[in-house]
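Asker: A predicted structure for the sequence below; I have some questions about it.
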Amino acid sequence: MGKASIKKDKNIYQITREELGLSRAEATETIPGNPNFPGMPGVPEYKLVKIENGTVIVQPADVVAMAKRYNRPELRNYYCCHECEIGRLDAPEVTFNGGIHEILVNMAVSLKTVNHSKIRLMEILEDGEVSADEIEDFDKISEELEHISMTIEALQLWCEKMKLGYKDE
């Protein structure tokens, strides 16, 4: 591997590559191309330099290729939440710093909470409207559902990492 960069403001793509101990040349020689266009090269080194330096707008296909090469599917979620205009509005950022144990505890707590809330949700939605006196309960249940959704997404990302051979540290 070449010298590690001493740049202070590294983006997630550079940080991820460096955490894996890969030089840019090593990373780019095995970054896959677009499967929809066989024979098309992956991310060339000159483009990876620009992506890591923030001098080019990273394209979704490049993020998909890097996520696959680095075995880090969470790079796709990061892109959607921070760099995609639509994703910034709609995609929740998924984190699971504590690994599978944190995910499973969150899942168990979330499912227990929703189990208690499902009757109330059915009462609220029975007439097809959310009245003023139901809005507080409805908002709370909506937040619980969003938490479950994020926990499921974290679990799916963790499973994908396991399929790719990544081992949780």
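Answerer: Received, thanks.
Asker: C-alpha from now on. contacts and neighbour counts both.
Answerer: OK.
Asker: So which elements touch the longest helix seen in the chain?
Answerer: Among the segments of the chain that qualify as a helix by DSSP state H, the longest is helix 135-163. Contact partners of helix 135-163 among helices and strands, from 3 or more C-alpha pairs under 8 Å, 6 or more residues apart in numbering; DSSP states H and E: helix 100-125.
Asker: just the angle between the helix it packs on and helix 135-163, please?
Answerer: Here helix 100-125 runs at 150 degrees with respect to helix 135-163, directions being taken by axes from the mean of the first three to the mean of the last three C-alpha atoms, to 10 degrees.
Asker: Quick one: low-confidence residue ranges for this protein.
Answerer: Applying pLDDT under 70 to the chain picks out residues 1-6, 32-41, 96, 98, 164-169.
Asker: Which parts of it belong to which domain?
Answerer: When the chain is parsed with automatic domain parsing, its domains come out as 12-90, 100-163.
Asker: chain center to the longest helix of the chain: distance?
Answerer: Using C-alpha atoms, centre = their mean, to the nearest Å, the mean C-alpha position of helix 135-163 is found 13 Å from that of the whole chain.
Asker: Would you mind listing the buried residues in it?
Answerer: Within helix 135-163, the residues that qualify as buried are 138, 141, 144-145, 147-155, 157-158, 160-161, counting by 16 or more other C-alpha atoms under 10 Å.
Asker: re earlier: deepest of the domains of the chain, which one?
Answerer: domain 12-90 (a mean of 16; mean count of other C-alpha atoms under 10 Å).
Asker: Helix or strand for the residue nearest the centre of the chain, just tell me which one.
Answerer: The structure's the chain has its C-alpha centroid closest to N77; by C-alpha atoms, centre = their mean the separation is 2.5 Å. Assignment of secondary structure by DSSP states H and E places N77 within helix 74-82.
Asker: Okay, angle between that helix and helix 135-163 too, please.
Answerer: Going by the same axes, to 10 degrees, helix 74-82 makes 150 degrees with helix 135-163.
Asker: Which neighbouring elements make contact with the next helix or strand after helix 74-82?
Answerer: Using DSSP H and E, the helix or strand that follows helix 74-82 towards the C-terminus is helix 85-90. Secondary-structure packing of helix 85-90 (3+ C-alpha pairs under 8 Å, 6+ apart): helix 74-82.
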